[in-house]
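when you get a sec, could you give me coordinates for this:
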Amino acid sequence: MSNGMTKMKKKLEHWEIVSLLLMVYDFTAILVSYFAALWIRFDCKFGGIQKDYLQTYFHTVWIYAIFCVVVFWFLRLYKSIWRFASYAELIRVIMGTVFTGVVHLIVVNACIHRMPISYYVMGGILQYILITGIRFSYRIFRMLKIRTTAASVSREIKNTMIIGAGEAGRAIISEFNKSGDKMHTKICCIIDDNKNKKNRYIDGIPIVGTREDIPQMVKKYQIQKIIFAIPTISASEKKKILEICKETGCEMQIVPAVYQLVNGEVKVSSIRPVEIEELLGRESIRMDLAEISAY
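Presented below is the predicted three-dimensional model:
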C-alpha cells in the first residue's frame, strides 16, 4: 500500500501540485469573497446579517465555488505558466468571473432565495481581486527579485548600444526585458540611419542618432557593448558601420541572419560575437583544400 502511495506521489509533476494548490486557494477565496460581501452589505456587523441571507449563503456558496473551479479549469487557468502571465490570462480570469457571477445571480435568485444585488457585485469584485492577485503577484515578485539582484551585481552590468531601430532591434530589446540577461545588460540607446526616428523611443529606449553619432554616444552613455541588429543590410554597409564601432573599443555582437528574423528566432541567446569576415565588406574566400592537396 505504501509503495502504491509513493508511486502516486512520484507521478505528480510540479505544475500539477501548483494547479491543485491554486484550486484549493480559488475555492477558499470564493467562500471568503462572498462572506465578506455579505458582511460589508450589513455595515460590517456579523450580528446584523439577516438569518435567511446567512442560510442562503451557507447552502449555496460551496456549490458555487466548485462550479467556479470547474469553469476555471476549462478556461485553462490551472495550466498557465504564471511567471509569463499576460493580457490573455487576464481576459480569461475576467471571462470566468463574469460568467460564473451571472449564473450565480440567476440560479440563486430564481431557485433559492433573493439576495441583495450588492452581495453579487461586491462578491464578484472581491473574487476577481483575490484570484487575479495571487496569480500576478508571482510575476511581480519575480520582476522585483530580478531588479534587486541586478542592483546587487551592478558592477557586472554592461551599458549597451543597439545598432538598428527595426524589427530585429525591437525584438532584441523585448527579449532582454523578458529574460534574466537584463541583470548583466543595460540597453542605454539605439542608433539608426533613418533621421526621422531620432529622438523617438522603442520600449522606453531613446534613438539618439545615426552612425556618425556612434563615437559621441558611446562616450555620453559610457557604452561597453554594441549589438548590431540590422540583418538585412548589405555586406559593404555593414562593414562601414562595424568599422566605426570597432574604433570605440567596445565589445561587439551581432544578431543572426535574416531568415532567423523571418522565422521569429531572434533571441538573446542567438546573439553572437562579430566575426572577422563581417569586417571584410564581402564574402570570405573559401579555398578548395582537396584540389590544392591533389595538385
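
okay, CA-based contacts and neighbour counts for the rest of this
OK.

for the stretch 101-250 of the chain, which segments count as helices?
Ranges of helices in the stretch 101-250 of the chain, per DSSP state H, counting those that start in this stretch, are 117-152, 167-178, 214-220, 235-247.

out of the ones you listed, deepest packed?
With neighbours defined by mean count of other CA atoms under 10 Å, none of these is more surrounded on average than helix 167-178, at a mean of 19.

returning to what we had before: can you tell which of the helices of the stretch 101-250 of the chain is closest to residue 59?
Each of the helices of the stretch 101-250 of the chain has some distance to residue 59 by CA to CA; the shortest is helix 117-152, at 15.0 Å.

averaged pLDDT, that closest one. What do you get?
Helix 117-152 carries an average pLDDT of 78.

one more: stretch 187-205?
Mean pLDDT, stretch 187-205: 90.

now the helix or strand encompassing residue 29: buried residues?
Assigned by DSSP states H and E, residue 29 belongs to helix 14-41. Within helix 14-41, the residues that qualify as buried are 19, 22-23, 26-27, 29-41, counting by 16 or more other CA atoms under 10 Å.

number of residues surrounding residue 96?
When neighbours are defined as other CA atoms under 10 Å, residue 96 has 21 of them.

show me what contacts it?
Counting by CA atoms under 8 Å, 6 or more residues apart in numbering, residue 96 makes contact with 68, 71, 72, 75.

residue 118 and residue 110, how far apart?
17 Å (CA to CA, to the nearest Å).

residue 111: how many residues sit nearby?
By other CA under 10 Å, the residues close to residue 111 number 8.

need the contact list for the nearest residue to residue 187 once chain neighbours are set aside.
Of all residues beyond its chain neighbours, the one nearest residue 187 is residue 160 (4.6 Å), with distances taken as CA to CA, 6 or more residues apart in numbering. Contacts for residue 160 (CA under 8 Å, 6+ apart) come out as 185, 186, 187, 188, 189, 223, 224, 225, 226, 227.

check residue 36 too.
By CA under 8 Å, 6+ apart, the contact set of residue 36 is residue 123.

just to revisit the earlier point, ok, of the contacts of residue 160, which come out buried?
Judged by 16+ other CA under 10 Å, buried ones among the contacts of residue 160: 185, 186, 187, 188, 189, 223, 224, 225, 226, 227.

turn those into CSV, including distance to residue 87.
Below are these laid out as CSV (distance: CA to CA, whole Å):
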residue, distance to residue 87
185, 27
186, 26
187, 25
188, 27
189, 28
223, 34
224, 35
225, 33
226, 32
227, 30
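
among these, which are in strands?
Mapping these onto strands (DSSP state E) picks out 185, 186, 187, 188, 189, 225, 226, 227.

how close does the third one get to residue 163?
Between residue 187 and residue 163 the distance, using CA to CA, works out to 11 Å.

and the pLDDT for the closest residue in space to residue 130 that isn't next to it in sequence?
Distances taken as CA to CA, 6+ apart put residue 29 closest to residue 130, at 6.4 Å, once the chain neighbours are dropped. Here, the pLDDT recorded for residue 29 equals 93.

repeat for the one 4 residues further on
We have a pLDDT of 94 for residue 33.

give the contact list for it.
122, 123, 124, 126, 127.

measure it to residue 99 for me?
Applying CA to CA, the value for residue 33 to residue 99 is 16 Å.

got it, and residue 137?
Distance of residue 137 to residue 99, given as CA to CA: 24 Å.

need the helices of the stretch 101-250 of the chain in TSV with distance to residue 50, can you?
Conversion of the helices of the stretch 101-250 of the chain to TSV gives the following (distance: least, CA to CA, whole Å):
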stretch	distance to residue 50
helix 117-152	13
helix 167-178	51
helix 214-220	70
helix 235-247	76
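
and of the ones you listed, who's closest to residue 106?
Residue 106 lies closest to helix 117-152 among the helices of the stretch 101-250 of the chain, at 10.4 Å (CA to CA).

still on that earlier bit, give the rounded mean pLDDT of the helix or strand following the helix holding residue 29.
Scanning forward in sequence from helix 14-41 by DSSP H and E, the next helix or strand is helix 51-74. Average pLDDT, helix 51-74: 92.
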